[in-house]
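Q: missing the sequence, but the structure's below:
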């Protein structure tokens, strides 16, 4: 039997396994590894609270179920339903401004009685689907009129989320749509024009920011100016990261979170807990897992069958990278504190479900392509 015959006979076996459920085994393995590490660190950061860990595990299970369900739908279904999903998410974001629950000075949650969630998390999925589907209708690279229309599609929901106020999520929504546009072959002259426009609008945007948002940016430039106030989070985070050294203090042995020096230790600043307890080696391991997820996503995008699938998978992959980059940069004092959780590590609900749903869509793009080729 030739090597070619062996390879061909192995392929249907793979289809009968993970691909029969439209799941990508490599991507699934990486996501489960990150999730398991996240549960371990959440347990330590929450003060060894089993209820918190159980809640996180339940949300991960729900997210995984949603991911499997999302993977079963064909990419064509997402393209056809994209405008409806986008419209629903935009409507819910607008409704949140009118009827949303207030928490910590923001109005981001919508309570429907049986369900309480953040509509902005739905928009993080709806935006790249909508933009990729819209660009799919036109030749690549897009002409100026298509670029302008796409920017309008992106700008509306971004503004709705920004005024909640939720600067971190609005940046991710803007990024998810912008990356789909960029991957469509956007000319550099358009990129430069948009950058110049944002720069020109910076004074207006600064004036529209809330006082605490301006204070976070000023604290980034000089974190020692208010070490017990606005700069407290960053100062304690840097202490935790630096004290971890090469191999860390050991699991459950971190002092910054245990002694309540580090605020939001099991949510936005969980990366600092990981660095303190597992050191540089733990940080490198986590970043390697994240890099593996991004690389796999870009591989799926590169092998996609049409422009919609390619732009969608690419945008989801790069937005995930931005997700990680913003949180790590924030915790290390390189970026302002904007309240972006660390994917699959930070304690949270809606963000985990929407994130895993995105990976389900990515798996759908890859596995449906495989079945068509077989």
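A: That came in fine, so what should we check first? Predicted model, so just to flag it, every value in this text is computed and none were measured.

Q: Longest helix in this structure, please.
A: For the chain, the helix with the greatest residue count under DSSP state H is helix 270-302.

Q: How confident was the prediction at residue 3?
A: Per-residue pLDDT puts residue 3 at 36.

Q: remind me which residues of the stretch 51-200 of the chain are low pLDDT?
A: Residues of the stretch 51-200 of the chain that meet the criterion pLDDT under 70 lie in 102-106, 113.

Q: ok, which stretches of it are strands?
A: Ranges of strands within the stretch 51-200 of the chain are 101-103, 106-111, 116-117, based on DSSP state E, counting those that start in this stretch.

Q: wait, which of these is closest to residue 364?
A: Among the strands of the stretch 51-200 of the chain, the nearest to residue 364 by C-beta to C-beta is strand 116-117 (22.6 Å). Heads up, the C-betas are built off the backbone N, CA and C, glycines and all.

Q: How about residues contacting that closest one?
A: For strand 116-117, contacts defined as C-beta atoms under 8 Å, 6 or more residues apart in numbering pick out 101, 109-110, 349-350.

Q: hang on, the earlier thing: which positions within the longest helix of the chain qualify as buried?
A: Within helix 270-302, the residues that count as buried by 16 or more other C-beta atoms under 10 Å are 270-279, 282-283, 286, 289-290, 292-294, 296-297, 300-301.

Q: so what's residue 191 up against?
A: Listed by C-beta under 8 Å, 6+ apart, the contact partners of residue 191 are residue 182.

Q: picking up where we left off before, list the helices and strands the longest helix of the chain packs on?
A: In terms of contacts (3 or more C-beta pairs under 8 Å, 6 or more residues apart in numbering; DSSP states H and E), helix 270-302 is packed against helix 25-45, helix 232-243, helix 255-258, helix 307-331, helix 350-373.

Q: Give me the domain ranges for the chain.
A: The record, using automatic domain parsing to delimit domains, assigns the chain the ranges 19-68+211-374, 78-209.

Q: Comparing the ones you listed, which comes out most buried?
A: Across those, averaging neighbours per residue (mean count of other C-beta atoms under 10 Å) puts domain 19-68+211-374 on top, at a mean of 19.

Q: centre of the chain versus that one, how much separation?
A: Chain-centre distance of domain 19-68+211-374: 8 Å, with C-alpha atoms, centre = their mean, to the nearest Å.

Q: and what of stretch 121-135?
A: On the basis of C-alpha atoms, centre = their mean, stretch 121-135 sits 13 Å off its chain's mean C-alpha point.

Q: please begin residue numbering at 103 from this point
A: From this message on, residue numbering opens at 103, which makes the last subject stretch 223-237.

Q: Mind putting the strands of the stretch 153-302 of the chain into JSON lines with distance to residue 348?
A: JSON lines is the format used below for these (distance: least, C-beta to C-beta, whole Å):
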{"stretch": "strand 203-205", "distance to residue 348": "39"}
{"stretch": "strand 208-213", "distance to residue 348": "39"}
{"stretch": "strand 218-219", "distance to residue 348": "41"}
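
Q: re the thing from before, same list (the helices and strands packed on helix 372-404) but as TSV, adding mean pLDDT and distance to residue 439.
A: Shown next, in TSV, are these (pLDDT from 0 to 100; distance: least, C-beta to C-beta, whole Å):
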stretch	mean pLDDT	distance to residue 439
helix 127-147	94	17
helix 334-345	84	6
helix 357-360	76	16
helix 409-433	94	5
helix 452-475	83	17
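
Q: between these, which one is nearest to residue 231?
A: helix 409-433 (6.2 Å).

Q: ok, residue 258 to residue 275 distance?
A: 10 Å (C-beta to C-beta, to the nearest Å).

Q: follow-up on the earlier one: out of the strands of the stretch 153-302 of the chain, flag the one nearest residue 413.
A: Among the strands of the stretch 153-302 of the chain, the nearest to residue 413 by C-beta to C-beta is strand 218-219 (26.7 Å).

Q: Compute the distance from the centre of that closest one to the centre of its chain.
A: On C-alpha atoms, centre = their mean, the centre of strand 218-219 falls 18 Å from the chain's centre.

Q: Just checking: what are the partner strands of that strand?
A: Applying DSSP bridges, strand 218-219 is found paired with strand 208-213 (antiparallel).

Q: So what touches the partner strand?
A: 194, 197-199, 201-203, 205, 218-222, 266-268, 271.

Q: again with stretch 159-170
A: So stretch 159-170 is contacted by 123, 125, 137, 141, 446, 450-451, 454-455, 457-459, 461-462, 465 (C-beta under 8 Å, 6+ apart).

Q: next one: stretch 134-142
A: Outside stretch 134-142, the residues within contact range by C-beta under 8 Å, 6+ apart are 155, 158-159, 162, 353, 372, 376, 387-388, 391-392, 395, 445-448.

Q: What of stretch 241-251?
A: Stretch 241-251 is contacted from outside by 236-237, 240, 252, 283, 286-289, 292, 409, using C-beta under 8 Å, 6+ apart.

Q: any idea how far that stretch is from the chain center?
A: 26 Å.

Q: Kindly check the end-to-end length of that stretch for me.
A: One end of stretch 241-251 sits 14 Å from the other (C-alpha to C-alpha, to the nearest Å).

Q: what's the nearest residue to residue 385 if we skip its chain neighbours?
A: Leaving out its chain neighbours, the residue that sits closest to residue 385 by C-beta to C-beta, 6 or more residues apart in numbering is residue 377, at 5.3 Å.
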